[in-house]
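Asks: Here is the input, now give the coordinates:
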Amino acid sequence: MSESKHWTLKSIAKQLGVSNATVSNAFNRPDQLSEKRRTEILAACKELGYFGPNKAAQSLRRGKFDTVALVLSDSIEYMVSDPVASRFMKGVAAVFEQHKINLLLFSGSADSVNSINDFVDGFICYGRPRNRLLAEQLKKIRKKVVTVDFNIHRSASVSIDNKAGAYEVAKLAIKSPNDHVAILGLRLLDTHLTCRVYDIHSMEIDTSVAHQRLQGYLDAISDTGVKLGDDRIWNIPESNSDFASIAAKEALNSVPRPNVFLCMSDLIALSLMREAIQQGIRIPEDIRVVGFDGIDEAARMLPALTTVYQHSEQKGRKAAEMFIADAHHAELLGYELSIGGSC
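Replies: Numbering: from 1, shown residues only. Presented below is the predicted three-dimensional model:
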């Protein structure tokens with residue numbers, strides 16, 4: 001083996017005593033060489049530690065990178081562990097792999113997309129990023145953009161009707177105007193704290209998934225004649241059991257204790273159900289619980305969780321297909337109510 005050296009197309013051709021075009025053809029245009037000649041050149045290049053012309057330089061020259069950035073709504077560490085986001089990413093990856101397109105995961109907490117803008121063909125943005133400046137950048141960027149679960153009104157988008165889904169599932173849980181309702185919300189406030197939301201009337205309602213679902217819950221509460229207490233909405237910063245259990249314990253020990261819990265994700269609902277069971281609270285006899293998302297674990301819970309099932313993998317496939325097709329319209333996907341024994 002030779003000593004490690006940084007080879008270029010020109011220097012490797014000189015080392016082998018052939019033309020630049022011959023080396024380039026061996027890697028990129030095999031039909032231009034005999035099989036024997038190509039095999040010899042590739043074997044010699046491999047022995048010397050040269051694995052082909054610089055792909056980055058080629059991409060810059062042709063202005064196409066075969067790479068799409070998937071801008072996540074939160075940190076990569078958090079999002080890859082979320083079952084809903086994972087299913088979505090699986091759908092995106094399945095379509096892109098068929099078209100030999102690479103996928104670059106990008107944190108929604110990053111400062112700017114400028115660090116990757118020059119090296120990708122465009123962006124799929126999954127949920128409104130935690131750093132709202134990223135959404136503003138994507139409105140102005142001169143590349144293809146597909147948004148998911150929110151709309152920047154300049155390009156393609158794909159979503160479900162979160163407000164309608166939340167309304168329907170809430171109507172299943174609320175049985176009487178005398179019910180005591182609590183909402184366990186997800187990222188309603190721009191904070192990393194689990195806390196109560198006291199003044200929803202002054203809260204800025206935007207187009208995020210959380211606020212769409214909140215509006216659906218509030219409409220259902222209003223239509224059933226229930227009076228929602230001023231301290232009966234919780235903000236949970238991430239959809240995981242650690243944060244959700246804090247809100248669940250506080251809500252279950254409130255006086256009077258709510259008997260209906262509208263949860264903005266299945267993970268939050270499952271955390272509440274486990275905490276209730278530990279406290280000896282019966283479901284659905286003492287409390288009724290609904291979730292949102294339709295993750296596999298929700299169906300395995302005893303009792304099974306009543307929830308809104310969204311086809312996350314299908315959503316990912318649709319987003320990727322719209323990107324490839326250079327679509328410029330909004331696509332609204334369907335959802336299903338999954339009726340369990342929790343309400």
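Asks: Beyond the helix or strand of the chain with the lowest mean pLDDT, next helix or strand please.
Replies: Ranked by mean pLDDT, DSSP states H and E, the helix or strand of the chain with the weakest confidence is helix 55-62, at a mean of 59. Scanning forward in sequence from helix 55-62 by DSSP states H and E, the next helix or strand is strand 67-72.
Asks: Just checking: what are the partner strands of that following strand?
Replies: With DSSP bridges as the test, strand 67-72 is paired with strand 102-106 (parallel), strand 122-126 (parallel).
Asks: hey, which of those is tucked in deepest?
Replies: When you average the neighbours per residue for each of the strands paired with strand 67-72 (mean count of other CB atoms under 10 Å), strand 122-126 leads with a mean of 26. To be clear about C-beta, it is placed using only N, CA and C from the backbone, and glycine gets the same treatment.
Asks: ok, which stretches of the protein are helices?
Replies: For the chain, the helices defined by DSSP state H cover 9-16, 20-28, 35-48, 55-62, 76-80, 83-98, 114-117, 132-140, 162-173, 209-223, 241-252, 266-278, 296-300, 312-324.
Asks: From P30, how far out is the residue nearest to I200 when sequence neighbours are not counted?
Replies: Once flanking residues are discounted, I200 sits nearest to I233: 6.3 Å by CB to CB, 6 or more residues apart in numbering. Computed as CB to CB, to the nearest Å, the I233 to P30 distance reads 63 Å.
Asks: got it, and T307?
Replies: Taking CB to CB, one finds T307 at 53 Å from P30.
Asks: between those two, which one's more packed in?
Replies: A count of neighbours by other CB atoms under 10 Å puts T307 above the other of T307 and P30, at 32 against 13.
Asks: The more buried one and G291 touch, don't they?
Replies: Yes: counting by CB atoms under 8 Å, T307 touches G291, with 4.0 Å between them.
Asks: Just give me the residues shared between the contact sets of these two.
Replies: Shared contacts of T307 and G291 (CB atoms under 8 Å, 6 or more residues apart in numbering): V169, D266, A269, A298.
Asks: what residues are up against the first one?
Replies: Which is V169. With CB under 8 Å, 6+ apart, V169 has these contacts: L262, V290, G291, F292, T306, T307, V308, L337.
Asks: what do you get if the cut-off is 6 Å, keeping everything else the same?
Replies: By CB atoms under 6 Å, 6 or more residues apart in numbering, the residues touching V169 are V290, V308.
Asks: got it, and the last one?
Replies: Remark: with contacts taken as CB under 6 Å, 6+ apart, A298 is in contact with D266, L305, T307.
Asks: Reformat those residues as CSV; add pLDDT and distance to K36.
Replies: Listed next are the contacts of A298 as CSV, based on pLDDT from 0 to 100; distance: CB to CB, whole Å:
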residue, pLDDT, distance to K36
D266, 98, 60
L305, 98, 64
T307, 98, 62
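Asks: Just give me the closest of those residues to D190.
Replies: Checking these against D190 by CB to CB gives D266 as the nearest, at 23.4 Å.
Asks: shouldn't the closest one be in contact with V289?
Replies: No: between D266 and V289 there is no contact under CB atoms under 6 Å: 10.2 Å.
Asks: and the spatially closest residue to V181 that is not a sequence neighbour, how many residues sit next to it?
Replies: Distances taken as CB to CB, 6+ apart place V260 nearest to V181, at 4.5 Å, with adjacent residues excluded. Using other CB under 10 Å, V260 has 24 neighbouring residues.
Asks: likewise S239?
Replies: The number of residues packed near S239 is 26, by other CB under 10 Å.
Asks: Return the residues in contact with it.
Replies: With CB under 6 Å, 6+ apart, S239 has these contacts: L186, S265, L267.
Asks: 10 Å instead, please
Replies: 74, 78, 81-85, 186-187, 263-268, 271, 292-293, 295 (CB atoms under 10 Å, 6 or more residues apart in numbering).
Asks: D286 now?
Replies: Counted by CB under 10 Å, 6+ apart, D286 has contacts L252, R257, N259, A276, Q279, G280.
Asks: again, only using 8 Å
Replies: N259, A276.
Asks: Tell me how many other residues crowd the closest residue to G294 other than its chain neighbours.
Replies: Nearest residue to G294 in three dimensions, chain neighbours excluded: Y309, at 2.9 Å (CB to CB, 6+ apart). Neighbour count for Y309, taken as other CB under 10 Å: 19.
Asks: next one: L302
Replies: Count around L302 with other CB under 10 Å applied: 11.
Asks: A94 too?
Replies: Neighbour tally, A94, other CB under 10 Å: 13.
Asks: and if you look at G280?
Replies: When neighbours are counted by other CB under 10 Å, G280 registers 7.
Asks: For it, give me the pLDDT.
Replies: At G280, the model reports a pLDDT of 98.
Asks: Tell me how far it lies from S254.
Replies: G280 is 17 Å from S254, by CB to CB.
Asks: Run through the stretch 51-200 of the chain and note the low-pLDDT ranges.
Replies: 55-63 (pLDDT under 70).
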